[in-house]
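A.B. asks: Predicted model, plus sequence, below.
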There are 2 protein chains.
Amino acid sequence: MLGSVTSNAVLEAIAEPTRRRILDAVREGERSVGDLVEIVGMHQPGVSRHLKVLRDAGLVEARPDAQKRLYRLRSEPLKELDAWLEPYRAEWSSRLDALERHVERTATPIQNRRTTKEQP
Amino acid sequence: MLGSVTSNAVLEAIAEPTRRRILDAVREGERSVGDLVEIVGMHQPGVSRHLKVLRDAGLVEARPDAQKRLYRLRSEPLKELDAWLEPYRAEWSSRLDALERHVERTATPIQNRRTTKEQP
DNA sequence: CGCATATATACGTGGAGGCGTATGTTAGGG
DNA sequence: CCCTAACATACGCCTCCACGTATATATGCG
């Protein structure tokens, strides 16, 4: 088995809007929990729990600074997501999209497959 | 307001492993619900519900064929995800990653930087 | 027309997840 | 030492979600 399964933890982590806001925040620099509490406008324990989820997914990393904990981004796990996205990227960039494919298909020489509305 | 919020529906949809398997399946070609039932090994109603979620997120599209419904991929919504990923991509490609940053920070005097396998 | 096939929807349930409140834990300051 | 600051964890509540089972809806066939 090669491809594992795109580590579900990462997807589940970023599926949460508040956690994405946290990620967007730490991407621009280290943030203390208190900073993040202000940024996302939620009670501190909630933020800490979100941070735990992000930590377990490997998406953030904490550095102690006195009583504070400065969180920073870890982008590696997002590579997985990027990799998963790869084949789909090929889909919208190099190939035609669903609608166009539909046209292509219906207009294709599929033997004498009379589509309902056919008429001489 | 420009950037909306990366349409939560898409993230929530692909956060589910079974739904990713469905996406992987329809990416390779149209699949009937029955096909997908076999592929993911789940009861039909479950698959239909997953398909509804994917449809609502705009990630798949159905085409009626007799009693069957052939589902195909719609990759457009994934562009959003790709766009959201953008700034993070810059993070791991152009900048050093957390680990290396850590090393850099702690071991600052980098100087004669011989790649490990180097030797006179 | 009934009957089978294929899919969608309704319903109930167990379990997970997000939240707030309360309480532990660790570090600094007087 | 005691007190405060900053954060993590425990607990209970509630909501949402994924699943299976049962039922509705639609299409094709005899």
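C.D. replies: Nice, I can see it.
A.B. asks: where along chain A do the helices fall?
C.D. replies: A:8-14, A:17-27, A:33-40, A:44-56, A:76-93, A:98-106 (DSSP state H).
A.B. asks: Now do the third one, average pLDDT.
C.D. replies: Put plainly, it is helix A:33-40. Average pLDDT, helix A:33-40: 98.
A.B. asks: do the same with the fifth one
C.D. replies: pLDDT averaged over helix A:76-93 equals 93, rounded to a whole number.
A.B. asks: wait, does it contact chain B?
C.D. replies: Yes. Under the criterion of C-beta under 8 Å from any C-beta of the partner chain, chain B is reached by helix A:76-93 at A:76, A:78-79, A:81-82, A:84-85, A:87-89, A:91-92. In this view, the C-beta of every residue, glycine as well, is placed from N, C-alpha and C.
A.B. asks: Selection in PyMOL covering whichever of those are buried, please.
C.D. replies: Selection of buried members from these for PyMOL, criterion 16 or more other C-beta atoms under 10 Å in any protein chain shown:
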select buried, chain A and resi 78+79+81+82+84+85+88+91+92
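A.B. asks: Would you map out the domains in chain A?
C.D. replies: A:8-75, A:77-106 (automatic domain parsing).
A.B. asks: Between these, which one is closest to DNA strand C.
C.D. replies: domain A:8-75 (3.4 Å; C-beta to the nearest atom of the strand).
A.B. asks: Need the distance between the two termini of that closest one.
C.D. replies: End-to-end distance of domain A:8-75 (C-alpha to C-alpha, to the nearest Å): 16 Å.
A.B. asks: again with stretch A:52-63
C.D. replies: End-to-end for stretch A:52-63, by C-alpha to C-alpha: 14 Å.
A.B. asks: got the domains of chain A as TSV, with distance to DNA strand D columns?
C.D. replies: As requested, those are exported to TSV (distance: least, C-beta to the nearest atom of the strand, whole Å):
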stretch	distance to DNA strand D
domain A:8-75	3
domain A:77-106	16
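A.B. asks: so of these, which one's packed in deepest?
C.D. replies: domain A:8-75 (a mean of 17; mean count of other C-beta atoms under 10 Å in any protein chain shown).
A.B. asks: Can it be said to contact DNA strand C?
C.D. replies: Yes. Domain A:8-75 is in contact with DNA strand C by C-beta under 7 Å from any atom of the strand, via A:12, A:15-16, A:18, A:42-46, A:49-50, A:53, A:64, A:66-67.
A.B. asks: returning to that earlier point: for the helices of chain A, give me TSV that also has distance to B:Arg31.
C.D. replies: Listed next are the helices of chain A as TSV, based on distance: least, C-beta to C-beta, whole Å:
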stretch	distance to B:Arg31
helix A:8-14	22
helix A:17-27	31
helix A:33-40	40
helix A:44-56	33
helix A:76-93	15
helix A:98-106	14
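A.B. asks: Alright, calling it a day.
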